[in-house]
Structures are given as structure tokens and as C-alpha cells.
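>>> Provided below are the primary sequence and the corresponding predicted coordinates.
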Protein chains: 2
Amino acid sequence: MDPTHQRTDPRILRTRRLLREAFVELLQEMEIDKITVNRLAERATINRVTFYLHYKDIPDMMDKMADEMVEDLSAILEQTVAGEDPTNGEEWPMMVHLLEHIAEQSKFYKVILSSRRAPVFTERLLKLLSKMIQERFERSEGNVGITRAGIQRDVAIWYGSSALIGTIVSWLRNDMPYTPAYLAKQFSLLRGRFYDKR
Amino acid sequence: MDPTHQRTDPRILRTRRLLREAFVELLQEMEIDKITVNRLAERATINRVTFYLHYKDIPDMMDKMADEMVEDLSAILEQTVAGEDPTNGEEWPMMVHLLEHIAEQSKFYKVILSSRRAPVFTERLLKLLSKMIQERFERSEGNVGITRAGIQRDVAIWYGSSALIGTIVSWLRNDMPYTPAYLAKQFSLLRGRFYDKR
DNA sequence: TGATTATATTACACAGTGTAAATTTAGTCC
DNA sequence: GGACTAAATTTACACTGTGTAATATAATCA
């Protein structure tokens, strides 16, 4: 589906890598409104016209970058799902792995997730987390629309997913004062009781 | 501090009202990247140059609009604080009033809070909710950094405030399927136990 | 090596920005 | 009501950025 990984021409890979790196650099230095194709090409040391051979415009480039981010994160989630039971109490290994991956590439994630006026990435991550919570739900309870505590299923999903993403962003913005494992443990404490009581 | 309410010249008020209305209209029709001073002035039926007599640029205008939003919401919160005890169990009248106000002006809030690429407003609301949760905290527990359940204070604030704002945005995007009172009740169920157990 | 494909170069028409100066219009104050 | 004041309009200008086209150059592949 995505032709990115099929092409092997090193020139294409080089250009896109340079553009991605330039984008992350610029986003550390200025608001996203100020990032133009001109500046991007200059920083990436490519010709401005070359940009248009790869992306329609800057929002399009960000969409593609978000796609890649979702691919990476999904791989981690699925990998964890395969082996372990995510509902086994306080551990929540899936979340630990997710946070560890973000921590390893924290320079990247901090910039793209916490930059103002660029919610494309947070939106995508939010969707991913929503799906994750929903599946967790369906595993721990039936397909009922309301929990035993009287909480609407959809409200719980809205609540839980935005809580997770917001906390992760704040965690990154504050330069990760807790370890991934500890933060995952905190998440378990904060929400475990409502959804997993069985 | 804010000179907006001191000036009385009806021409100023008219121009700013037209600009605000035009902005909300355009945001319903297109992504924020596509909103230019040109389009804004045309839709507001004012001259383009007049825009610059009031705002530096579009981000500046959005900042000012966010200021006004925060003023309005703060007034509601303070009004509720005065009379009632926000920790009295499941009611949480402050939240009910907040949601009622948002529901009354839902056309406005839906557009500005849920529009992609315009997180200025959600950021400001997030700050407001953080403050509210923090105060709630200090009232129910001491100034300790960790709760009895073993949850870090700052993590709980990150978690709770982003959960609230995320849920409100989803509630608006889904055209408010629950009443303000019911949603506030859900919030109490979702978070009351951790923070208010006494 | 020869064919192919990505990138660079140059050029162009167009849209939007931000400011300046002079003029018109509307509101305020006595 | 009329003079004064301030807001809004009109027109103009220099500038930055956009997106595309045509052609040339350089790197890759077979």
C-alpha cells in the first residue's frame, strides 16, 4: 500500500530523510506557521522544487510522517499483544513498551507531539490509544454499552485515551521525570479499577 | 488590563465582532491553513487593511479570542466556587455549570475546540482545567506530592485535565449525546474515588 | 556502458503579507 | 447641530512564498 518501503533508490531515501530531519530541526526553532517550503529545502540542502516531487505541501508531508509514526507504534503494540495478557493486573506491559519506545526517540517525539499548532500527530496517537482501550474493554467486559460502575463505554474511551495522550505529552514536555515502567504503573493505578474489575 | 472592554466606540466593537464571526464561519468551511487575512476581511466585509489596525496577524487574533474565552469560563468557575463546596460527593456543580455554558454556545465551542491545527484554544482550556484540578486537590488532601493510592500529584493533574478536555471535545464532536449534568456525573464517577476519598 | 530516474536550475504567474499615505466616513463631545 | 476626533477605506508598493513547467545535470541500475 505504502510505496515508501518498496522503492530502494538511495537518492529518494536520502532526500526524504533530509527533509524529515530538517522539519524536526525547524520545529524546535520556530512555530509551525513559520516553516515554509523555502526554509525546509534550504535546511535540508535540497532544491525547493525537489520537495514537490515527494510531497504535495507541508501538511501532506506531516500526514506521511504521521503514517510512519503510527506504523512504528502499531508494530510495538501488536508485538506485545501476541505474547502477553494486557489485563493481568498492574503490569500492563504494552504500555511499558510503548513508553520505552517513545523515551528512546524522545527527541523526535517531544518535538512533534508537543509542538503547538501541529495536532496531526497527537490526533493519530489519540486514535491509536482509543482503539487500544476499546479492545481492552471488550476483553475485560462484554459488549455492553455501560460498565458496572455506571460509566458509558464511549465516555470511558474518550476519557481514558485523552488522559493517556495528554499525560504522555506532559511527561515529554517535562523531560520524562519518571521511568516508562513507573509511568505505566501510574496509569494502571489511575484507571485499572474501573475497567478491569472482575 | 485588557483594554477591549474599556473602549466603547461601536465601530471597533462592530469590526471585531465581524472578524470573530467570519473566523468561526471560515473555520467551519476550511482548514485553518487556508484562512488568510484576505479571506477573513472579505467574509467580514471589512477592508483588509482594517484587520491590521486590530491584530498583528491571524495567530495574534486567535490569542485574543482565546483570552476572551478564558475570561468567560473563569467567570463561571469563580461564580460557582463562591457558593458551593466542589468536593461534596458526586454533584460537582462547577463542572455542570461549565458544561452548560459550553452547550449553550456549542456552535462556537465545537468549531474552535475541535478544529484541527488550532490547539491554541484547547491549550488554554487545558491550563484552566489543570488549575481547577490542582485546587481541588489541595482542598481534599494536604500539600503532599503523592496520594494515598500511590499516585504522583503531577501525574494525576496531567491525567485528569487532559481527560476532561479530551472528553469535552469528543462530546462536542459527537454533538453532545449526553446532558451536561449527566456528563458531569460521569466525570465524578470516573475520577472522584481517587482524589476525594476521605 | 547505456538507459533510466532523481535532482538541480531557471523562469514565470500568482496569491498573500505588512506597511504607508492620503481620503472618506462615522462617532463623540460641547 | 457643528467642530473635532478616531476609525475605516482606498490605493499603492516591496516583499516572501507557492506551485508548475521546461531543460539540464548527475546518480543509480541493469
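Arrived safely, thanks for sending. Numbering: from 1, shown residues only, chains lettered A, B, ... in the order given.
>>> only C-alpha atoms for contact and neighbour calcs from this point on.
Fine.
>>> Okay, domains of chain A per the record?
A:1-54, A:62-196 (automatic domain parsing).
>>> which bits of chain A sit near DNA strand D?
Taking Cα under 7 Å from any atom of the strand as the test, the list of chain A residues beside DNA strand D reads A:8-11, A:36-39, A:49, A:52, A:56-57.
>>> Distance check, A:Asp175 against chain B.
A:Asp175 sits 13 Å away from chain B, going by Cα to the nearest Cα, to the nearest Å.
>>> May I have the residues that are in contact with A:Thr15?
Residues in contact with A:Thr15 (Cα atoms under 8 Å, 6 or more residues apart in numbering or on different chains) are A:44, A:46.
>>> State the helix or strand in which it lies.
helix A:10-29 (DSSP states H and E).
>>> Next: A:Thr50.
Under the criterion of DSSP H and E, A:Thr50 resides in helix A:48-54.
>>> wait, does the helix or strand following that helix contact chain B?
Downstream of helix A:48-54, the next assigned helix or strand under DSSP H and E is helix A:58-83. No - residues of helix A:58-83 contacting chain B under Cα under 8 Å from any Cα of the partner chain: none, with a closest distance of 9.0 Å.
>>> where's whichever helix or strand comes after helix A:58-83 relative to the chain centroid, distance-wise?
As assigned by DSSP H and E, the chain's next helix or strand after helix A:58-83 is helix A:93-104. Mean C-alpha position of helix A:93-104 versus that of the full chain (Cα atoms, centre = their mean, to the nearest Å) differs by 11 Å.
>>> Check whether helix A:93-104 comes near chain B.
No - using Cα under 8 Å from any Cα, we find that helix A:93-104 stays clear of chain B, coming within 14.6 Å at best.
>>> any chance of the residues of chain A next to DNA strand D in JSON lines, plus distance to chain B?
Supplementary listing: these in JSON lines, determined by distance: Cα to the nearest Cα, whole Å:
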{"residue": "A:Thr8", "distance to chain B": "33"}
{"residue": "A:Asp9", "distance to chain B": "33"}
{"residue": "A:Pro10", "distance to chain B": "33"}
{"residue": "A:Arg11", "distance to chain B": "31"}
{"residue": "A:Thr36", "distance to chain B": "12"}
{"residue": "A:Val37", "distance to chain B": "14"}
{"residue": "A:Asn38", "distance to chain B": "17"}
{"residue": "A:Arg39", "distance to chain B": "17"}
{"residue": "A:Val49", "distance to chain B": "21"}
{"residue": "A:Tyr52", "distance to chain B": "18"}
{"residue": "A:Lys56", "distance to chain B": "14"}
{"residue": "A:Asp57", "distance to chain B": "11"}
